[in-house]
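Novice: below are the sequence and a predicted model; questions follow.
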Amino acid sequence: MHPADPSSQKLTDARPTTPSDDAASTERTIGRHRVPEPPQRALLGSTPLRVALATGVTCCLSLVAVATARGNDEAPRTVEPLAEAVADRAAIADERASRSLDRDVAPARILPSPTAKPTPTPTAVRKAPKKPVKPRRPRPVAGLDQAQMDNAKIIVDVGLEMKMPRRALVVALSTAMQESNLYNLASDVLPESAEYPNQGSGSDHDSVGLFQQRPSSGWGTVAQLMRPSYAARAFYTALNEIPGWQDMSVTAAAQAVQISAYPDAYAQHEDRATTVAAALTA
């Protein structure tokens, strides 16, 4: 291109000449095939540079660690005082723990109680004997008091035990009403009779008890005749020995047994005796 060409002149005016341009042109003049250098950036602001620095630091630390390990293998091991103290305390704790597992527990000491008493040996408990149940006392009837009614019940119970009929019960009750008024009487003639349970006394010879039977006539001993049950049994036994007594009047049957000086006196008690017998056999 000719220097006087207008286009060349115009291009030259558009690009001013700077020192860098001169250097580039000089470089190009020295070697046309040289790769141009990239534009330079801030040293620490480049990311590849920071990665390279980090990698280098890591390598240096690794080398230091390897060197320290080799030095430890070659030189005697030194333990810091604090680490040694911690290790010693741990060993002591383990040793104490292992000993405590093998140690036996000391037996507890039991002190005797000052107020403790020896336990008595159990013995067989004896049951108290049952008290005999008293028979139910009958309610008095026909103008009798409780003592008279109790004696009447004994006479009736003995007759029932001996399988005597109702007629015999009335005869026996009428006889006792006439002879003792249904009281168990002792005798003033026999001081012995007063030694037994009684409800008064009479003076008709040696006659005693509910039926005023005489020991001298063979009815029994004083002790026997003073028992109302025995006296009633003796009366019924004698009545059974009288032939046909069941067909006799109450007075005749009673007189056949008692042989009293007042043979007609028994008849007056027949109604009351019938009422009492009915009440005690209901």
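Specialist: Now that the structure is in, tell me what you want to look at.

Novice: alpha carbons only for contacts and neighbour counts from here, please
Specialist: Fine.

Novice: please, where are all the strands along the protein?
Specialist: Applying DSSP state E to the chain gives strands spanning 186-187, 201-202.

Novice: what's the least confident stretch among those?
Specialist: Lowest mean pLDDT within those: strand 201-202, a mean of 92.

Novice: got the contact list for it?
Specialist: Residues outside strand 201-202 that contact it (CA atoms under 8 Å, 6 or more residues apart in numbering) are Leu185, Ala186, Ser187, Asp188, Ala194, Val208.

Novice: any regions of this structure where pLDDT drops low?
Specialist: Low-confidence segments of the chain (pLDDT under 70): 1-125.

Novice: hmm, try it at 90
Specialist: Along the chain, segments meeting pLDDT under 90 span 1-136, 203-205, 260-264, 282.

Novice: re the thing from before, tell me which of the contacts of strand 201-202 is nearest to Gln268?
Specialist: Leu185 (21.2 Å; CA to CA).

Novice: OK, contacts around the closest one?
Specialist: Asn198, Gln199, Gly200, Ser201, Gly202, Val208, Gly209, Leu210, Gln212, Met226.

Novice: closest one to Glu241 out of these, please.
Specialist: Among these, Gln212 lies closest to Glu241 (CA to CA), at 19.2 Å.

Novice: not counting its neighbours along the chain, what's nearest that closest one?
Specialist: Spatial nearest neighbour of Gln212, excluding adjacent residues (CA to CA, 6 or more residues apart in numbering): Glu179 at 6.1 Å.

Novice: out of the contacts of strand 201-202, who has the most neighbours?
Specialist: Compared across the contacts of strand 201-202, Val208 has the highest neighbour count, 32 neighbours, by other CA atoms under 10 Å.

Novice: my guess is it contacts Val222, does it?
Specialist: Yes. At 7.5 Å, Val208 counts as touching Val222 under the criterion of CA atoms under 8 Å.

Novice: give the residues shared as contacts by these two.
Specialist: With CA under 8 Å, 6+ apart as the test, Val208 and Val222 both reach Ser193.

Novice: first-to-last residue distance for stretch 194-209?
Specialist: In stretch 194-209, first residue to last residue: 11 Å (CA to CA, to the nearest Å).

Novice: between the contacts of strand 201-202, which sits nearest Lys127?
Specialist: Nearest to Lys127 among those, with distances taken as CA to CA, is Ala194, at 37.9 Å.

Novice: quick check: beta-bridge partners of the closest residue to the closest one other than its chain neighbours?
Specialist: Among residues not flanking Ala194 along the chain, Ala186 sits closest, at 5.6 Å (CA to CA, 6+ apart). Under DSSP bridges, the beta-bridge partners of Ala186 are Ser201.

Novice: do you know how far the residue lying closest to Thr274 once chain neighbours are set aside is from Asp145?
Specialist: Residue nearest to Thr274 in three dimensions, not counting chain neighbours: Val170, with 5.6 Å by CA to CA, 6+ apart. Here the criterion is CA to CA. By it, Val170 lies 18 Å from Asp145.
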